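*Asks:* Pasting the sequence and the predicted coordinates here, then a few questions.
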Amino acid sequence: MKIAVLTSGGDAPGMNPAIRAVVRAAINSGHEIYGVMDGYAGLVSGSFEKMSRKSVSEILDKGGTILGTARLKEFNKPEVRQIAIHNLREEGIEALVVIGGDGTYRGAEALTEMGFPVIGLPGTIDNDLPCTDYTIGFHTALETIVDALDKIRDTSSSHQRCSIVETMGRHCGDLAVSAGLSCGAEFIITPEHPMNKEDIIERLKIHKSEGRRNAIIVITENVCNVHEFAEEITAKSGFACRATVLGYVQRGGSPCAEDRILAGRMGAYAIDLLSQGISGVAVGIQSNKMVHYPFSKVLASKTEPMDEIFELATKIR
Ligand code: F6P
């Protein structure tokens, strides 16, 4: 079978190991494999490249994606997807593996509905996809955030400051909750676990009066303007407060072992599914087992918030 692979949406550490697994597993199972450049944009422009074992040599430890990625809004138009399917068929490609987040899955579901076989792998630091316990990239981004928080704690403590640190996650608090627990953050604020600003300021005042030298607030992006909140804390709590937005450092860097293993398992599983004639599904990991569900089910489901980790962070603070 001729199979193509692409990465789409925000890059995530572990995309390269996932591409490598798809390419090597496909070749080892007797398939031909093509790389598509820059996500769905490459399907539309017909940017395909035949891949060999060597094309994916020495990429296990590389951040980003060797195939490039993009967010293509126009892919929600049937006529644009029709061009993509035409280009795939012209090249003789019979199936596609896409690695990305929910936007990527929406494109994959639409291609499936138009009769083209697609398998999805969850590739995003946000861990915001349902039907999988973890997404490829989450654990590496978490390590990056933990490293940053430990460093910020050094400076906060030396200067007796409060630090508010904004993580990525879009509308999902998993990165903030997991990093907050790992670093003993005094406050964790996420879309699923919001907090009243006045309440935080009151608790910081108590903190100060108890002689505590610093406080860390970890907060998911899009919850509030962290720079304004830092000013408010400085004005009202007795702690000078600084805001740090971690930004793209969370998306880059060498994938950690956990992400490399996850990417390897998921990539090989995708090829097994295609070899068995199964498509139109997204791959996941649940209770350490590989699973797959139709895109329609995944896109209609909700993620489980990390309530237990959040509560644990409070209990052992
Ligand atoms: O989905 C990954 C992510 O980094 C989110 O955490 C963030 O909200 C978004 O992508 C940023 O998107 P862009 O790549 O357009 O800056």
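*Replies:* Great, that's in hand.

*Asks:* What parts of the stretch 1-150 of the chain come near the ligand?
*Replies:* 10, 101, 124-126 (C-beta under 6 Å from any ligand atom). All C-beta atoms are positioned from the backbone trio N, CA, C, and that covers glycine.

*Asks:* of all those, which comes closest to the ligand?
*Replies:* Nearest to the ligand among these, counting by C-beta to the nearest ligand atom, is G10 at 3.2 Å.

*Asks:* tally of neighbours for the closest residue to the ligand within the stretch 151-300 of the chain?
*Replies:* When distances are taken as C-beta to the nearest ligand atom, the stretch 151-300 of the chain reaches nearest to the ligand at M168, 3.2 Å away. M168: 23 surrounding residues under other C-beta atoms under 10 Å.

*Asks:* Might you calculate how far the helix or strand E228 falls within sits from the centre of the chain?
*Replies:* Element membership for E228 (DSSP states H and E) is helix 226-237. Taking C-alpha atoms, centre = their mean, to the nearest Å, one finds the center of helix 226-237 at 30 Å from the center of the full chain.

*Asks:* Can you show me the strands along the stretch 51-200 of the chain?
*Replies:* 95-100, 118-122, 161-167, 187-189 (DSSP state E, counting those that start in this stretch).

*Asks:* so what strands line up beside the shortest one?
*Replies:* Spelled out, that is strand 187-189. Strand pairing for strand 187-189, using DSSP bridges, gives strand 215-220 (parallel).

*Asks:* re earlier: in contact with the residue of the stretch 151-300 of the chain closest to the ligand, which residues?
*Replies:* Taking C-beta atoms under 8 Å, 6 or more residues apart in numbering, we find M168 in contact with 125-126, 141, 175, 220-221, 246-247, 250-251.

*Asks:* so where do the helices sit in this protein?
*Replies:* Shown for the chain, the helices assigned by DSSP state H span residues 15-28, 40-45, 78-90, 102-113, 138-159, 174-183, 197-209, 226-237, 257-275, 295-300, 307-315.

*Asks:* next one: the longest one to chain centre, how far?
*Replies:* What that stands for is helix 138-159. 19 Å.

*Asks:* tilt between it and strand 161-167?
*Replies:* Interaxial angle, helix 138-159 versus strand 161-167 (axes from the mean of the first three to the mean of the last three C-alpha atoms, to 10 degrees): 160 degrees.

*Asks:* now helix 138-159 and helix 174-183, what's the angle there?
*Replies:* Comparing the axes of helix 138-159 and helix 174-183 via the same axes, to 10 degrees yields an angle of 50 degrees.
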